[in-house]
Structure formats: C-alpha cells, structure tokens
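>>> Output the structure for:
(one chain, ligands or ions: 1)
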Amino acid sequence: MELEALTKIWRLSPAASALLLSFLQFRREPHARLAHLARLEPKVVPAALDELRSHGLIERGTDRDRRYGLADAETLERLARRTAAGTDLDGDRLALELEILREVREAVGRPSITVISPRERAHADDGPPPPRAVTAYLRALFPYLDLRLGTRCNFNCRYCLLGHEKRSTRSLEALEADLHHGRRLGLECLSLTGGEPSLHPDLLRIIRRGRALGYRRVILVTNASLLGAGRNLERLLEAGVDAVGFSFDAPDPAVSRRLWRRDAYTQVLDGIRRVMAHDELVVGSISVLTRLNMHLLPELVRLLAELARDRRGLYLPAIDFVMPEENAWAHRRALVPRLTEATPHLEAALDEARRLGLPLTFRGVPACVMPAHREWDMERYMSIFDVVDLGDRSLQHRAGLDFLRHKPPGCATCVHRRGCLGVYRAYANLYGTDELRPVPHGPREEAPCAW
Ligand code: SF4
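Here you go, the predicted structure:
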C-alpha cells in the first residue's frame, strides 16, 4: 500500500513516509520498535519523527515507555484537505487515499474482531490440490469469527505476539456485542482466543451465549494447561465447545519451559491427552518453529502421532515458522533461525509425518526455500492475515495485515508469485531476502537472485 498523494502534499522525506505508513498499520508503538516497523536505520528515526510531528501527523503518548501514535483519522483528514487546498493534486486520488486511511485505522482499532477465511485458490496458484484432511478441516471450521476474550495469560511465551499489550480481560457486554456482530455477518463458527481464553471468568457463559445465537461450532484455542484438571474439559464441552486448537511446541520439558517461560509440560500434556480422547471434537494444533525446538521437530511429530493414534475424529497439526514480532523480536537472536537453517528440520518432520500418516501442515516457509511438501502448505489455502473485518461496517480489508509480509521485487518473476505470501517483514529486516530464489515458469531450475 502506498499513499503517494498524502506523502506528496506534506513533501515528506522517504524516511518520514516509511514511518507514516508504519504508524498506519499499528497502534501506539514504543520508540524502540519504530526503526524495525518502518525498516529504517535507527539513526534516521529521530529526524523522521520530528518531521511527522511538525506536521501534526503523530502524537507522543503520555506513558512512560515513549509510545508514539498516528493522529486520529479525522485530524489527519482535516490536515490533509487543508494542506492539499490550492495545490494541483488529483482530488480523486486524495479522496481514495483518505478512504483507505480511514479503513485501515478502523481495522487497527478493532483487534477483537477478525474473520478468518480460506483463501480463494482460484487466485492462488496451480500447485497440487489440498489433501483431503486439509479440505475437511477447512470445511469444518472456516470461515470463523476470531473472538479475543482478553490478553491475560498464564504463560509468557518467548514468541508471543501480544508482547507489549496490557494484560486485560474483555467484559461480557463487549464480547456479546461482538458475538451478535459475527452472526450479523453470517458467521457460523466461533473461535475463542486470548491470551488464554480458559482464564476468562465468563467463559462458559460466552460459549452458551454463542450457541444460543446460532454458532454451530465453537472452537477453544488454548495452551491446554487447564484442560487436564478436574472436570474442566467436560464443563466446556457441556457448554458447547466442539473443537479445540492447542499449542504444543516441543517434546521436551526443558525446551518447553524455555519457550513458554512456565513449568507446565505435564499439565499441558494431560490436557492434550484428555482432548484427544474425545473423538467427536475437531482438533487442531500449532507448534511454533524456533531455533530452540527445530532440531526436535521429527520427535515432536512422533509424539503428536502417538497422542492421536487412537483418534478417529479430525485432527490437523501445523508447524508455524516463528513470526519475529513482539516478544519474538525481542528474543530474535535466540529464537529466529534463518529459513535455510530451519527447513532441513521441517522437511524431516514432514517426511516423518507422511511415514506415520499424520496430516502435518506448515506455514511461513516459501516454496522457493522448501519446494517439497507444497500440498501441506496451509498458506496456499488460508492465511491468518487474509481478511480483517472492520466491525460495524462489515467491510473487509487486507492492507492492515498484509503489511506484516514482505515480497522482494524478484518475486514478480516467480511461478509462485500469486499463492506465496513471501516472508515475514520482520524476517526480511533481520536476515534480508537473499535466501529467496524466484522459481522460473516452465521446467524448474533455480534462478540467480534477482535483487
Ligand atoms: S521467490 Fe518470492 S514468490 Fe517465489 S516462492 Fe520465493 S518468496 Fe515466494
């Protein structure tokens, strides 16, 4: 997304333009993250900040961690129209950009409502079709309303994407309003996330309310640490949960403790065992691939296959390459491997899964880095960043979250250019893009790096 007209009227320097675009996509940001978000040299950030502040485009917060945020949408619009008056700027273009700006700001301001949908494969690529387990899973759960119950959590994972958010619990009233809104959008599946949703004091009521409103499926996305205790799981199922998505990263208590910063391996495994014993549940799992656990991935697959051995119900595990944002950005040196370091481990895990008949999927590794197992690449079928709903106006806009991904110019020549989302922008910040090799059309052979 480029806002050429807006940056032109203020005659912004390239650095200030880059910062302005970054502010558009995010909420209030601490000073320490700005260079990273805008992909700038840290030394140019102060001057770019001054430039934006001199135009009234950003404001400094009152908090102690020195956060900055974009002026509200109305102020920006007023400033833009006033500055543009009397210039020869294309009025239609400016109006269009202001509309985009409003939409993106609203999306950023409403993080609790996200609609997650399958991607339209017609626009994706012509690679191998999805395996049956993937199709069944997508049919069973998507699209769904992704309802965040709050940000409170009993873990503090090193890769958590809520790193700098204040820990809070959303009120029952606010959640009910979102539940109604999801039904007005015609959504029938409801996913309850957090933080850790099982900590919400009104969880059972929210589940029952969702069911009463007509959600035919309720998914609990959890770290599973509380599901093994007493009748916790049974009470959730009685209230209306019929699908569970759990996180599990490593078949090793010490590595799990380092990743979760909580000693909960046994409880989590108990919870997962209890979930797996319920064949009627649709189950998914996510394991985050990091430098700390990548060497354990084949062993992880063996454990997941063992846990799912007697299941007849649907189970779709996934390995996600760590997104180097928030906590993971803070721990990037310890946590984020290079793609080319990680893919031999991921490939070994996928080989092992095929051997064991486990429908293991993955996300976050482009086809040019790991050409094998493409039919198991969930990003070809869905994207957690695909559709953002803006709440009241039911408007969908991808721009706000597409910003987290980066495709260098060479991708334009690649046979995978439509289906591939590229790499995480923060990954490109960290390691660059010289591991990416556009795959030419026709017979496959590696092309030299084009950027
Ligand atoms: S070259 Fe670009 S489009 Fe092609 S697979 Fe790699 S990241 Fe994706």
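>>> What residues does the stretch 301-450 of the chain have near the ligand?
366-368, 407, 411, 414, 416-417, 420, 422, 436, 438-439 (C-beta under 6 Å from any ligand atom). Where C-beta positions appear, they are placed from N, C-alpha and C, glycine not excepted.
>>> Dihedrals phi and psi, Thr340?
When read as degrees, to the nearest 10, the backbone of Thr340 gives phi -70, psi -20.
>>> can you give me the strands in the stretch 301-450 of the chain?
Under the criterion DSSP state E, counting those that start in this stretch, the stretch 301-450 of the chain carries strands at the ranges 315-321, 361-363, 405-406, 423-424.
>>> Show residues contacting the first one.
Contacts of strand 315-321 with the rest of the structure, by C-beta atoms under 8 Å, 6 or more residues apart in numbering, involve 133-134, 137, 276, 282-289, 297, 304, 308, 339, 342, 346, 349, 353, 358-365, 378, 424.
>>> Equivalent analysis for the last one, please.
Outside of strand 423-424, the residues that reach it under the criterion C-beta under 8 Å, 6+ apart are 321, 323-325, 339, 364, 366, 404-407, 433, 436.
>>> Using TSV, please lay out these together with neighbour count and pLDDT.
Putting these into TSV (neighbours: other C-beta atoms under 10 Å; pLDDT from 0 to 100) gives the following:
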residue	neighbour count	pLDDT
Phe321	24	97
Met323	21	92
Pro324	25	90
Glu325	22	83
Leu339	21	98
Gly364	23	93
Pro366	26	94
Leu404	18	71
Arg405	20	77
His406	19	80
Lys407	19	82
Thr433	20	92
Leu436	25	96
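>>> so which two of the residues you listed are the farthest from each other?
Across those, no pair lies farther apart than Glu325 and Leu436, at 19.6 Å, counting by C-beta to C-beta.
>>> give me the number of residues near Leu350?
Per other C-beta atoms under 10 Å, the neighbour tally for Leu350 reads 23.
>>> nope, Leu3 is what I meant
By the other C-beta under 10 Å criterion, the neighbourhood of Leu3 contains 21 residues.
>>> doesn't Phe23 make contact with it?
No. Contact status for Leu3 versus Phe23: not in contact, 11.3 Å apart, counting by C-beta atoms under 8 Å.
>>> per-residue confidence for Tyr424?
In this prediction, Tyr424 carries a pLDDT score of 88.
>>> Same check on Glu445?
According to the predicted model, the pLDDT of Glu445 comes to 45.
>>> ditto for Pro118
Pro118 is assigned 65 on the pLDDT scale.
>>> now the one 5 residues further on
His123 is assigned a pLDDT of 50 by the prediction.
>>> Glu4 too?
Predicted confidence (pLDDT) at Glu4: the value is 74.
>>> ok, now Pro409?
Pro409 carries a pLDDT value of 84.
>>> now the one 5 residues further on
We have a pLDDT of 90 for Cys414.
>>> Which residues are in contact with the closest residue to it other than its chain neighbours?
Leaving aside its chain neighbours, Cys414 sits nearest to Pro438 (3.6 Å; criterion: C-beta to C-beta, 6 or more residues apart in numbering). When the contact criterion is C-beta under 8 Å, 6+ apart, the partners of Pro438 are Cys368, Gly410, Cys411, Ala412, Thr413, Cys414, Val415, Arg417, Ala447, Ala450.
>>> Format these as a markdown table; extra columns: neighbour count.
As requested, the contacts of Pro438 are arranged in a markdown table below (neighbours: other C-beta atoms under 10 Å):
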| residue | neighbour count |
| --- | --- |
| Cys368 | 20 |
| Gly410 | 18 |
| Cys411 | 21 |
| Ala412 | 10 |
| Thr413 | 13 |
| Cys414 | 22 |
| Val415 | 18 |
| Arg417 | 15 |
| Ala447 | 14 |
| Ala450 | 14 |
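>>> show me what contacts Val322?
For Val322, the contact set (C-beta under 8 Å, 6+ apart) comprises Tyr159, Val288, Leu289, Thr290, Ala328, Leu335, Val336, Gly364.
>>> do that again at 6 Å, thanks
Tyr159, Val288, Thr290, Ala328, Leu335, Val336 (C-beta atoms under 6 Å, 6 or more residues apart in numbering).
>>> Out of those, which is nearest to the ligand?
Comparing the contacts of Val322 against the ligand with C-beta to the nearest ligand atom picks out Val336 as the nearest, at 17.0 Å.
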